[in-house]
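Chemist: Just to be clear, the model below is a prediction. Sequence and coordinates:
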Amino acid sequence: MIIVGMTIKLKEKYKYPKIFGNNLRHIREDRGFSQEKVGELSGLTGNFVGAVERAECSISLKNMEILAECLNVDLIVLLSEDEINN
């Protein structure tokens, strides 16, 4: 965690958005889906899926579950710290 003045850089403080995003990207690519296709299947947008993969935005538990269901995996897999291999 890096503190600049009194501001904490959130991207470095919280690890699960990055873990979720990386796992989402690996599984999506393994399934042969584009971000746009996952967006279409999930009712979200491809741009949102990309932002989640890059940990640039917050995601609700509801949308986490929707993406997990779309990719046919348990939500816990997307939150796992274990490395996912393609």
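Modeler: Now that the structure is in, tell me what you want to look at.

Chemist: residue closest to the middle of the protein?
Modeler: Residue closest to the mean C-alpha point of the chain, counted by CA atoms, centre = their mean, is Gly21 at 2.6 Å.

Chemist: so after the longest helix seen in the chain, what's the next helix or strand?
Modeler: The helix of greatest length in the chain, counted in residues with DSSP state H as the criterion, is given as helix 16-31. As assigned by DSSP states H and E, the chain's next helix or strand after helix 16-31 is helix 35-42.

Chemist: list the helices and strands the helix or strand following that next one packs on?
Modeler: Going down the chain from helix 35-42, the next helix or strand is helix 46-53, by DSSP H and E. For helix 46-53, the elements it packs on are helix 16-31, helix 35-42, helix 61-70, judged by 3 or more CB pairs under 8 Å, 6 or more residues apart in numbering; DSSP states H and E. The way it works is simple: take the backbone N, C-alpha and C, and place the C-beta from them, glycine included.

Chemist: picking up where we left off before, got the contact list for the longest helix of the chain?
Modeler: For helix 16-31, the surrounding residues in contact (CB atoms under 8 Å, 6 or more residues apart in numbering) are 11, 35, 38, 49, 52-55, 58-59, 64, 67, 71-73, 77-81, 84-86.

Chemist: Is there a quick PyMOL command that grabs whichever of these are buried?
Modeler: With 16 or more other CB atoms under 10 Å as the criterion, this PyMOL line picks the buried residues out of those:
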select buried, resi 35+38+49+52+53+55+59+64+67+71+73+78+84
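
Chemist: rewinding a little: quick one: buried residues of the longest helix of the chain?
Modeler: With the criterion 16+ other CB under 10 Å, helix 16-31 contains buried residues 17, 19-28.

Chemist: Appreciated, that's everything.
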